[in-house]
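Novice: Quick one, structure for this:
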Amino acid sequence: MIYRVLPDSSADRSRFLRIIDNEGEDYLYPADCFLVVDLPANVERALLRAS
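Specialist: Just a heads-up that it's a prediction; the model follows:
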């Protein structure tokens with residue numbers, strides 16, 4: 001699955017990520033449960049349009 005990550009400096013300091021789930025809600029999850037990837041801007045736009 002590909003999840004969108006919201007910026008959250010407080011969560012970052014605690015090694016958590018603020019993830020938008022399949023329902024469109026955001027929750028904190030341990031960062032080590034995910035692999036963070038940077039996508040090219042055109043791919044990111046296409047994924048956001050498709051969601």
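
Novice: And stretch 23-41, end to end?
Specialist: In stretch 23-41, first residue to last residue: 24 Å (Cα to Cα, to the nearest Å).

Novice: Which positions within it qualify as buried?
Specialist: For stretch 23-41, burial by neighbour count (16 or more other Cβ atoms under 10 Å) applies to 26, 29, 31. For every residue, glycine as well, the C-beta is placed using N, CA and C.

Novice: tell me the helices in the chain, going along the chain?
Specialist: Read by DSSP state H, the chain holds these helices, from start to end of the chain: 9-13, 41-50.

Novice: centre of the chain versus stretch 43-51, how much separation?
Specialist: 13 Å (Cα atoms, centre = their mean, to the nearest Å).

Novice: Now it - C-alpha only, CSV.
Specialist: C-alpha atoms of stretch 43-51 as CSV (Å, rounded to 0.1, in the frame of the first residue of the first chain):
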residue,chain,number,x,y,z
VAL,A,43,3.8,10.5,-10.0
GLU,A,44,2.7,12.1,-6.7
ARG,A,45,0.2,14.3,-8.6
ALA,A,46,-1.2,11.3,-10.5
LEU,A,47,-1.6,9.3,-7.3
LEU,A,48,-3.4,12.2,-5.6
ARG,A,49,-5.7,12.7,-8.6
ALA,A,50,-6.6,9.0,-8.6
SER,A,51,-7.5,8.9,-4.9
